[in-house]
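Trainee: The sequence isn't on hand, but the structure is:
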């Protein structure tokens with residue numbers, strides 16, 4: 001039987017959320033929120049199939065291709081603080097509806113961008129979609145983290161993030177069938193001749209149907225969220241009165257100070273792998289696949305993340321989250337070194353397996369980062385979500401791929417894993433929460 005959300009504090013840390021809607025359980029709310037995690041995971045990973053498609057349509061370099069993804073993550077930097085202010089003004093539920101509406105609008109903008117076709121309008125459409133996702137992230141991640149015991153926050157967020165990975169897992173199949181599978185570039189053999197102008201125009205317009213479907217689903221979900229009696233957020237995640245927060249400083253919390261760059265750096269690793277995956281495994285000396293065939297293996301990469309989060313949710317009920325994060329970072333570094341220094345199917349499967357190790361990183365870093373913040377939880381959450389902008393620096397990996405080769409660019413990922421290991425072992429240790437957080 002589902003239990004209602006209770007308001008409580010544990011050790012001066014994060015309180016659980018409170019239910020203000022009679023008869024509504026937090027499990028029902030989390031189930032609905034899981035659909036949001038699913039959709040933004042789905043839409044984010046569609047980019048993994050969209051990027052090689054756009055690279056062929058617009059004849060882009062790796063640097064220009066990864067710039068598309070950089071624009072996506074720049075939205076997190078610019079939209080995070082406005083999102084927090086909007087949530088403060090209109091509330092979490094209405095903000096989620098606005099976020100879904102923005103995502104649907106961005107998906108619709110992809111239609112004229114494809115018909116022109118226009119590289120610049122495509123960038124703008126993706127920026128709008130990402131801004132909507134940012135608003136959802138600022139609202140949903142802290143909600144899930146504070147529902148229930150603080151000790152199991154990492155487990156709980158990993159469980160819901162598994163739905164994010166489920167969306168990410170299905171997206172390559174959707175994109176592979178409706179985008180790459182219906183284009184000349186997507187079905188061409190590796191090393192095929194460049195597209196003619198007529199073929200590029202036809203390929204560009206292949207994204208119209210997929211994004212119309214996405215826009216329709218988002219609109220329906222927005223209506224459902226608007227009508228659902230979502231439990232109100234508890235006091236711990238609402239902005240405290242200025243008098244209550246006076247003299248408190250976020251920067252005395254070591255776990256947050258080191259957690260912000262941990263999220264930033266982790267996103268470079270995750271997005272770099274996901275966005276360059278299809279181009280990497282399509283190479284003759286790696287998998288020798290068409291882009292459509294490669295999208296099926298991208299499905300396995302994100303499927304590994306889904307499985308890893310489900311396993312992590314169970315393991316972290318019994319094992320310290322920081323220890324699990326340390327093991328995952330070591331495993332990720334090892335398989336990325338294998339992908340860098342080997343060829344053929346060994347390199348391909350090494351890159352696929354990194355999804356299993358990356359799976360628990362974001363939700364675990366997030367919950368470790370806000371642990372012990374008390375009334376500063378909302379501000380800390382906003383800064384951690386803003387750090388997702390680190391994905392914008394995937395353009396650095398694109399530059400490395402152009403300058404030194406795609407395979408060598410994965411050494412950047414290895415360096416990212418090293419910082420995650422540092423955070424797990426040292427940076428995530430919680431400073432004594434509220435008493436020591438007061439500034440003289």
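Mentor: Ah, there it is. Predicted model only: the values in this text are computed from it and were never measured.
Trainee: what about residue 289, which SS state?
Mentor: Put simply, residue 289 is coil when judged by DSSP: H, G, I helix; E, B strand; the rest coil.
Trainee: can I assume it is in contact with residue 281?
Mentor: Yes. Using CB atoms under 8 Å, residue 289 is in contact with residue 281, at 5.9 Å. The C-beta positions use only the backbone N, C-alpha and C, and glycine is treated the same way.
Trainee: In terms of neighbours, single out the busier of the two.
Mentor: Between residue 289 and residue 281, counted using other CB atoms under 10 Å, the more crowded position is residue 281 (25 against 19).
Trainee: dump the residue contacts of that one.
Mentor: 287, 289, 294, 297, 348, 351 (CB atoms under 8 Å, 6 or more residues apart in numbering).
Trainee: among the residues you listed, who's most crowded?
Mentor: Result: residue 294 is most packed of the contacts of residue 281 (other CB under 10 Å), 29 neighbours.
Trainee: three-state assignment of residue 59?
Mentor: Under three-state DSSP, residue 59 falls in the coil class.
Trainee: Just the pLDDT at it, thanks.
Mentor: You'll see residue 59 listed with a pLDDT of 75.
Trainee: For residue 199, see how far away it is.
Mentor: Remark: distance between residue 59 and residue 199 (CB to CB, to the nearest Å) = 12 Å.
Trainee: What of residue 163?
Mentor: Counting by CB to CB - residue 163 and residue 199 are separated by 37 Å.
Trainee: Check residue 292 too.
Mentor: If you go by CB to CB, the gap between residue 292 and residue 199 works out to 15 Å.
Trainee: same thing with residue 156?
Mentor: Look at residue 156 and residue 199: by CB to CB, they are 48 Å apart.
Trainee: Out of the two, name the residue with the larger neighbour count.
Mentor: residue 156 (22 against 16).
Trainee: Does anything pack onto whatever helix or strand the more buried one lives in? Which helices or strands?
Mentor: Using DSSP states H and E, residue 156 falls within helix 153-178. Helix 153-178 sits against helix 26-57, helix 119-146, helix 208-227, helix 291-315, helix 361-370, with contacts defined as 3 or more CB pairs under 8 Å, 6 or more residues apart in numbering; DSSP states H and E.
Trainee: Spatially nearest residue to residue 342 (excluding sequence neighbours)?
Mentor: Closest residue to residue 342 apart from its sequence neighbours, by CB to CB, 6 or more residues apart in numbering: residue 350 at 7.0 Å.
Trainee: Pull the contacting residues for that neighbour.
Mentor: 335-336, 338-339, 342.
Trainee: Go again with 7 Å.
Mentor: Contact analysis of residue 350 by CB atoms under 7 Å, 6 or more residues apart in numbering lists 335, 338-339, 342.
Trainee: Which single one of the residues you listed is nearest to residue 425?
Mentor: Checking the contacts of residue 350 against residue 425 with CB to CB, the nearest one is residue 335 at 19.8 Å.
Trainee: Run a quick neighbour tally on the closest one.
Mentor: 23.
Trainee: if I look at residue 50, how far off is residue 42?
Mentor: In terms of CB to CB, residue 50 sits 12 Å off from residue 42.
Trainee: residues shared between the contacts of the two?
Mentor: By CB under 7 Å, 6+ apart, residue 50 and residue 42 have no common neighbours.
Trainee: Name the residues of stretch 53-66 that come out as buried.
Mentor: By neighbour count with 16 or more other CB atoms under 10 Å, stretch 53-66 contains the buried residues 53-58, 60, 62-66.
Trainee: Can I get these in a markdown table including distance to residue 383?
Mentor: Converted to a markdown table, the buried residues of stretch 53-66 look like this (distance: CB to CB, whole Å):
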| residue | distance to residue 383 |
| --- | --- |
| 53 | 34 |
| 54 | 32 |
| 55 | 33 |
| 56 | 38 |
| 57 | 37 |
| 58 | 35 |
| 60 | 33 |
| 62 | 31 |
| 63 | 29 |
| 64 | 30 |
| 65 | 29 |
| 66 | 25 |
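Trainee: on that earlier part again, now, of the contacts of residue 350, which are buried?
Mentor: For the contacts of residue 350, buried by 16+ other CB under 10 Å: 335, 338-339.
Trainee: out of everything not next to it in sequence, what's closest to residue 107?
Mentor: In space, and not counting its chain neighbours, residue 107 is closest to residue 215: 3.9 Å by CB to CB, 6+ apart.
Trainee: any idea how far that neighbour is from residue 96?
Mentor: 17 Å.
Trainee: out of those two, which sits in the more crowded spot?
Mentor: residue 96 (26 against 20).
Trainee: mean confidence for the strand or helix carrying that one?
Mentor: Using DSSP H and E, residue 96 sits in helix 92-115. Helix 92-115 shows a mean pLDDT of 89.
Trainee: Name the residues of that helix that are buried.
Mentor: For helix 92-115, burial by neighbour count (16+ other CB under 10 Å) applies to 92-93, 95-111, 113-114.
Trainee: Quick one: list the elements packing against it.
Mentor: Taking 3 or more CB pairs under 7 Å, 6 or more residues apart in numbering; DSSP states H and E as contact, the helices and strands that helix 92-115 lies on are helix 62-90, helix 119-146, helix 208-227.
Trainee: in which helix or strand would I find the residue nearest to residue 342?
Mentor: Element membership of residue 350 [criterion: DSSP H and E] is helix 344-358.
Trainee: tell me which residues in that helix are buried?
Mentor: For helix 344-358, a neighbour-count test (16+ other CB under 10 Å) marks 347-358 as buried.
Trainee: wait, doesn't residue 372 sit right on residue 253?
Mentor: Yes. Here residue 372 lies in contact with residue 253, judged by CB atoms under 7 Å, at a distance of 6.5 Å.
Trainee: Would you mind measuring from residue 396 to residue 384?
Mentor: In terms of CB to CB, residue 396 sits 21 Å off from residue 384.
Trainee: These two: which has the busier surroundings?
Mentor: residue 384 (26 against 16).
Trainee: distance of the more buried one from residue 209?
Mentor: For residue 384 relative to residue 209 (CB to CB), the value is 36 Å.
Trainee: which residues touch the closest residue to residue 219 other than its chain neighbours?
Mentor: Once flanking residues are discounted, residue 219 sits nearest to residue 104: 5.1 Å by CB to CB, 6+ apart. When contacts are counted by CB under 7 Å, 6+ apart, residue 104 touches 215, 218-219, 222.
Trainee: so what does the helix or strand harbouring residue 203 touch, helix or strand wise?
Mentor: Element membership for residue 203 (DSSP H and E) is helix 197-204. Here helix 197-204 touches helix 26-57, helix 184-187, going by 3+ CB pairs under 7 Å, 6+ apart.
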